Structures are given as structure tokens and as C-alpha cells.
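Engineer: generate a structure from the sequence data that follows.
(chains A and B)
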Amino acid sequence: MPGATPDVDGGDDPADDGVRIDMISGARMEGLTSMEKIRLILDGVREGNIVILEEGLSPDEESKLIEVTMTEISPDDFTGIEIETYPKPNAGNKSFLDRLMGRESAQKLTVIGPANRIETLHKDENLISTLVSRQ
Amino acid sequence: MGLLTNLRDSILRVTDGLFAADEPKRIGIYGPPNAGKTTLANRIARDWTGDAVGPESQVPHETRRARRKEDVEIERNGQTVTIDIVDTPGVTTKVDYKEFLDHDMDKEDAVRRSREATEGVAEAMHWLREDVDGVIYVLDSTTDPFTQVNTMLIGIIESQDLPALILANKTDLSESDVTQIANAFPQHETVPLSALEGENMDEVYTKIAEYFG
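Structural biologist: Reported below is the predicted structural model:
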């Protein structure tokens, strides 16, 4: 699949010793379809990784991410995702053309992880504080 | 191509809205689990049709299927507004069956409930993208509104250009703080209410007529 996370295993699974964080640049996400982005995120998260997106997802992609996540939840295996972004700027700041064309600025740092490993301690407009536990 | 597709979709949305002006608008009641969405849906349905929409419960994810109550006629200022109300499952990004074990359920029931809950959330998201004309977003005014689900859902609703009315529910509880909800989403009007006690429903109906009429 385009943009899939590379295998960095060198024998033993490094996740056994810590928490793997994949920081994905906006350039890497550019050109992927919505479903490819969602697959890239969920494949990483289901392996127990924390995925950080430089530029986040569009609202439509976020909606689909929730929907696909729900279809993949299974008892004693995958309980879903924790996702955090900074609150979106006021929608009134969008230009008329952006609103007409349905364009959204997706530039918002986004942190996504397995729901059973990441816990949000504090969140406001300027700070997201999370606790990440080992498997 | 993307630009043209977006333009075509935008024009279709506008023309669909014009030609469907006489059809009852489908108003989705959205929000996180346990915000009081079904209590509100029942309050509206009972006030204007005499029927309820579905069972209410303190157990999260009591509503696991979107339920529609059609042709709810709300009279305001001598005019009648007809809407279909769609009570939706509470939206979340995670469902763990173990949480239901605390509510006197055995594992089998808890697993079944969690599976139905996940299907319900997926269904609710699909309705939001495809099948609603407006949104009543219900928040529990005793809890912190700065959650990711609220942030994402409000963003999704805004991106669809859907009219959205934010309701700060549970004002009958002493911990209720309507101001924190108004501050969290300053771009929207926030209307306080207690769906359970029927407090401030007059203003809610006036706003429903104003937003969705």
C-alpha cells in the first residue's frame, strides 16, 4: 500500500522495550487517498504505535476514521483509538471561496494512539498533555 | 478535477436544498454518550406527537441504532415547522466491553452491547455525512466540553455547512456550568435546558423553528 509504515524490526520487536512513535509529515500524506491515510494510521495504531500527523486530517477524513475504527473494534483485541488535536480555529475565519468549495485547512498537529495505551491528562487551546503506557 | 467535483457537489447541495424545501428536514440529535440525546428526543416527540422515540438509560450506549421520528410539527409564533428528528448513538472513538461489566452485565451481554454500540456509532457518522439536514448537538453541561469527540464533530458539522444548535443539557444538576460550553464553542449559540425536567423547552423550540424552519 502506498505510504505504508516501513518495517523497522531488527529481530526482536522494539515495541517490547518502549513505545514507538511514527511522526508522519504532511508531504508523506499528500497524494494519499482518504482511505489510504486512514489505513496508514490504523495499521500503525493497531500495532501499538503512536502516530503523529504533522498536518492532521480533514473533517471528512476524521469522520471516516471514526467510522472505520468502529468497524475494527473487537473484544480483547482492539478497543479503538485516542485522538487529540488542538481545537479548530473559528469556522468564521474561512474565506468565502473556501466555504463555497468545501475546502478545509487540515493543518493541525494530530496525535493518535491505541485507546488502551494513551490517556489524555489535560487539553486546552494551547496544550495537550498525554500519558502513554507500554503494552 | 477535485476543484470541479467540489464545485459540483456544492451546487448540488444548494439546489437539493431548494427543491426539497417542502420536505420535512431531518434533524440529527448528536453528541457524546450520556449527554441526554434520547431524553431530549423523547421530550420533543412527547410534547408534539405524544409518542416516545426510545428507552433512556444511565448506561452508556443505550441507543445503538439511529431512530427517526417523522413529521414532528412544532408550532411557534403562529407558524408550524415540520421536522423528522433522528436520535443517534453517542459518538466516541473507543468502545471497551469491560466498561459495561460495571453495569451488572455478564461478559456475553457486554460484548454484544459493545458490538452493537460500534455499529451504531459507525451508522451515526454515516448519517451525519449523508442523511441529515441539520444538527442539534447535545452536551452534558456538568462535564468538560473540551473533548476531542466534541471538537471533531463540531468541525465535521461545520465543514458540511449544516445548521447546528448547541444545547447545554442537565441544567437541573448543581454541577451544571453552561458558560464553559458557550466558551468552548463561541462560534455557535448555546441554549441551556434540562430535557429531563423540561426546563427552558420554550426557548429550545423557538430556536429549533428559527434554525431549521
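
Engineer: would you state the predicted confidence (pLDDT) at the most centrally placed residue in chain A?
Structural biologist: The centroid of chain A falls nearest to residue A:112 when counting by Cα atoms, centre = their mean (3.8 Å). We have a pLDDT of 95 for residue A:112.

Engineer: correct me if wrong: it contacts residue A:41.
Structural biologist: Yes - if you go by Cβ atoms under 8 Å, residue A:112 and residue A:41 touch, sitting 5.7 Å apart. To be clear about C-beta, it is placed using only N, CA and C from the backbone, and glycine gets the same treatment.

Engineer: identify the contacts common to the two.
Structural biologist: Shared contacts of residue A:112 and residue A:41 (Cβ atoms under 8 Å, 6 or more residues apart in numbering or on different chains): A:51, A:53.

Engineer: tell me which helix or strand of chain B sits lowest on mean pLDDT?
Structural biologist: Lowest on mean pLDDT, DSSP states H and E among the helices and strands of chain B sits helix B:2-19, with a mean of 58.

Engineer: what do you get for chain A?
Structural biologist: helix A:96-101 (a mean of 52).

Engineer: residue contacts, the residue in chain A that chain B sits nearest to?
Structural biologist: Nearest residue of chain A to chain B (Cβ to the nearest Cβ) works out as residue A:80 at 3.0 Å. Neighbouring residues of residue A:80 by Cβ under 8 Å, 6+ apart: A:69, A:70, A:73, A:115, B:92, B:93, B:94, B:95, B:96.

Engineer: also residue A:84?
Structural biologist: Applying Cβ under 8 Å, 6+ apart to residue A:84 gives the contacts A:110, A:111, A:112, A:120, A:123, A:128, A:130, B:148.

Engineer: considering those, which is situated nearest to residue B:35?
Structural biologist: Distances from residue B:35 to the contacts of residue A:84, taken as Cβ to Cβ, are shortest for residue B:148 (15.1 Å).

Engineer: and the gap between that closest one and residue A:80?
Structural biologist: Distance, residue B:148 to residue A:80, by Cβ to Cβ, to the nearest Å: 12 Å.

Engineer: and residue B:27, how far is that from chain A?
Structural biologist: Using Cβ to the nearest Cβ, to the nearest Å, residue B:27 is found at 18 Å from chain A.

Engineer: and for residue B:110?
Structural biologist: 8 Å.

Engineer: again with residue B:168
Structural biologist: Going from residue B:168 to chain A by Cβ to the nearest Cβ gives 17 Å.

Engineer: so what's that residue bridging to?
Structural biologist: residue B:139, residue B:192 (DSSP bridges).

Engineer: now the helices for the chain?
Structural biologist: By default, I'm working from chain A. All helices of chain A, identified by DSSP state H, fall at A:26-29, A:34-46, A:59-72, A:96-101.

Engineer: switch to chain B, that's the one I care about
Structural biologist: Taking DSSP H, the helices of chain B run over residues B:2-19, B:37-48, B:107-130, B:148-159, B:178-184, B:201-212.

Engineer: residues in contact with the longest one?
Structural biologist: So that's helix B:107-130. Contacts with helix B:107-130, where a contact means Cβ under 8 Å, 6+ apart, come from A:60, A:63-64, A:66-67, A:70-71, A:73, A:75, B:28, B:30, B:60-61, B:63-66, B:86, B:88-92, B:95-98, B:100-101, B:105, B:135, B:153, B:156-157, B:160.

Engineer: show me which positions of it end up buried.
Structural biologist: Using 16 or more other Cβ atoms under 10 Å in any protein chain shown as the test for burial, helix B:107-130 gives B:110-111, B:113-115, B:117-125, B:127-128.

Engineer: which parts of chain B sit against chain A?
Structural biologist: For chain B, the residues in contact with chain A (Cβ under 8 Å from any Cβ of the partner chain) are B:3, B:6-7, B:9-10, B:91-97, B:111, B:114-115, B:118-119, B:121-122, B:125-126, B:128-129, B:146-148, B:151-152, B:154-156, B:158-161, B:184, B:186-187.

Engineer: for PyMOL, what selects the buried ones among those?
Structural biologist: In PyMOL, a selection of the buried entries from the residues of chain B next to chain A looks like this (16+ other Cβ under 10 Å):
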select buried, chain B and resi 91+92+93+94+95+96+97+111+114+115+118+119+121+122+125+128+146+147+148+151+152+154+155+156+158+159+160+184
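
Engineer: give me the pLDDT for residue B:27.
Structural biologist: Residue B:27 is assigned 96 on the pLDDT scale.

Engineer: bridging residues for it?
Structural biologist: Per DSSP bridges, the residues bridged to residue B:27 are residue B:85, residue B:134.

Engineer: correct me if wrong: residue B:138 contacts residue B:31.
Structural biologist: Yes - between residue B:138 and residue B:31 there is a contact under Cβ under 8 Å: 3.9 Å.

Engineer: any weak-confidence spans in the chain?
Structural biologist: In the absence of a named chain, this looks at chain A. A:1-16, A:87-106, A:135 (pLDDT under 70).

Engineer: my bad, the chain I had in mind was chain B
Structural biologist: B:1-22.

Engineer: look up the closest residue to the closest residue to chain A within chain B, ignoring the ones flanking it.
Structural biologist: Per Cβ to the nearest Cβ, residue B:94 is where chain B lies closest to chain A, at 3.0 Å. Setting aside the residues directly before and after it, residue B:94 is nearest to residue A:80 in space (Cβ to Cβ, 6 or more residues apart in numbering or on different chains), at 3.0 Å.
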